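Asker: what shape does this take:
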Amino acid sequence: MECYTSDSGDSDSREQKTLDLSSQLLDSTSISLELSGIIDEKDCAENYEIMLLNSNRIKALPDTINRFCNLKILDVSHNGLVSLPDVLKNCPLTSLIAKNNLLRNESLPKCFFSTKNTLRELNLSGNQLNFFPEQILDLPSLKYLYLGGNNIVNIPKDIWKLNSLQILSIGGNQIVDVPESVGALTSLQALVLSDNLIEQLPPSIANLNQLRSLLIHKNRLKTLPTQIIKLKCLTELSLRDNPLVVRFVRDMTFQPPSLLELAGRTIKLHNIHVLAGDVPFTLLRYLKAAQCCVNPKCRGVFFDNRVEHIKFVDFCGMYRIPLLQYLCSSKCITGSWESREVDSNPHSHMMRKVLLG
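Answerer: A predicted model of the protein is given here:
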């Protein structure tokens, strides 16, 4: 999935627009001299739109890169970069590839955005980042983001700001939780969360109606949210190396519903109209948060107090995976209605398209 392309026409124009200094074992001093020579002697820096500096020995980027005023793609991957300063702020970059370096959060530029910078692709995979770089959230036009192979422990709740993302690759980190706000990335086509410490996915994942690939292997998932069956475009689902074992949790046995919960259920069950002004706004918002019991024989609702239940569903006709669903009461677990629900599910055709492993 990690790629970049040139829109150049014939081979001559492509050669003119690409400066390829990759795999030449150049260090920072040598790169600086090379770029200065192009600027001073050839005076053609403005001709280049693509610069390939990958697979060298560069620890710092020279300021002379700013003289390449039409630079759109910069590949500095597979170097020894320890910093990525603001030397690129004058380049109209659409793609910055800096994977497999020694970059830390504090060594990144304070801002990836400038008046000339229209980044569409950012690749910081294989570095030493400890947390999600907050400055990336200021790139609303970003389509491809690669942060795999770091030590990132979080996905920020403000991830929804990147609502143009088509690919989010953040596998191979130390992530435990996936926030509900991931569901706001409705343009997402590929989501890579593999090789982390994730124990559950949020139900909001059902909002990713363009998602084609979901890679969640090598995690700590014991169940999947039932809403995953709503992903009609999903054609690749990788689940291997997850526990995915059955577990029954009946919180109501240990935590009886509160008076607020009981009152809210009664209002919803008997369809009692509550208008704004009659009760506090916080109570109105609470009543709107009611969720229906998934048991088709039950008309009940619940708010905070619920019973977790596992339903096994066939994938590809040979795998049975547990989907997590919520019930309003432990009495709703009858067993007999589950198989009928699976057979009549209008999204069951999607399961046959899913690839496991």
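Asker: so how far is Gln291 from the residue nearest to Ser83 when sequence neighbours are not counted?
Answerer: Spatially, and ignoring its direct neighbours in sequence, Ser83 is nearest to Ser107 (4.1 Å; CB to CB, 6 or more residues apart in numbering). Placement of C-beta: from N, CA and C, glycine included. Distance, Ser107 to Gln291, by CB to CB, to the nearest Å: 45 Å.
Asker: do Asn105 as well
Answerer: Where Gln291 is concerned, Asn105 sits at a distance of 38 Å (CB to CB).
Asker: can you give me the helices in the stretch 1-150 of the chain?
Answerer: Ranges of helices within the stretch 1-150 of the chain are 11-17, 28-37, based on DSSP state H, counting those that start in this stretch.
Asker: the stretch 251-357 of the chain too?
Answerer: 251-254, 259-269, 281-288, 336-343, 348-351.
Asker: hey, least reliable of the ones you listed by pLDDT?
Answerer: Lowest mean pLDDT of the helices of the stretch 251-357 of the chain: helix 336-343, a mean of 39.
Asker: nearest residue to Leu323 other than its sequence neighbours?
Answerer: In space, Leu323 is closest to Thr226, 4.6 Å off (CB to CB, 6+ apart).
Asker: quick one: neighbours of that neighbour, just the number.
Answerer: 20 (other CB atoms under 10 Å).
Asker: show me what contacts it?
Answerer: Pro203, Val294, Lys311, Leu323, Leu324, Gln325 (CB atoms under 8 Å, 6 or more residues apart in numbering).
Asker: just those residues: which has the poorest pLDDT?
Answerer: At the low end of pLDDT for the contacts of Thr226 is Lys311, which has 67.
Asker: tell me where the model's unsure across the stretch 1-150 of the chain.
Answerer: Applying pLDDT under 70 to the stretch 1-150 of the chain picks out residues 1-16, 41-43, 87, 113-117.
Asker: and the strands in it?
Answerer: For the stretch 1-150 of the chain, strands defined by DSSP state E, counting those that start in this stretch occupy the ranges 18-20, 50-52, 73-75, 95-97, 121-123, 144-146.
Asker: so which of those strands gets nearest Val153?
Answerer: Closest approach to Val153 among the strands of the stretch 1-150 of the chain is made by strand 144-146 (17.0 Å; CB to CB).
Asker: can you list the strands that that closest one pairs with?
Answerer: According to DSSP bridges, strand 144-146 has the following sheet partners: strand 121-123 (parallel), strand 167-169 (parallel).
Asker: for these, give me TSV that also has distance to Cys44 and mean neighbour count.
Answerer: Listed next are the strands paired with strand 144-146 as TSV, based on distance: least, CB to CB, whole Å; neighbours: other CB atoms under 10 Å:
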stretch	distance to Cys44	mean neighbour count
strand 121-123	25	21
strand 167-169	34	21
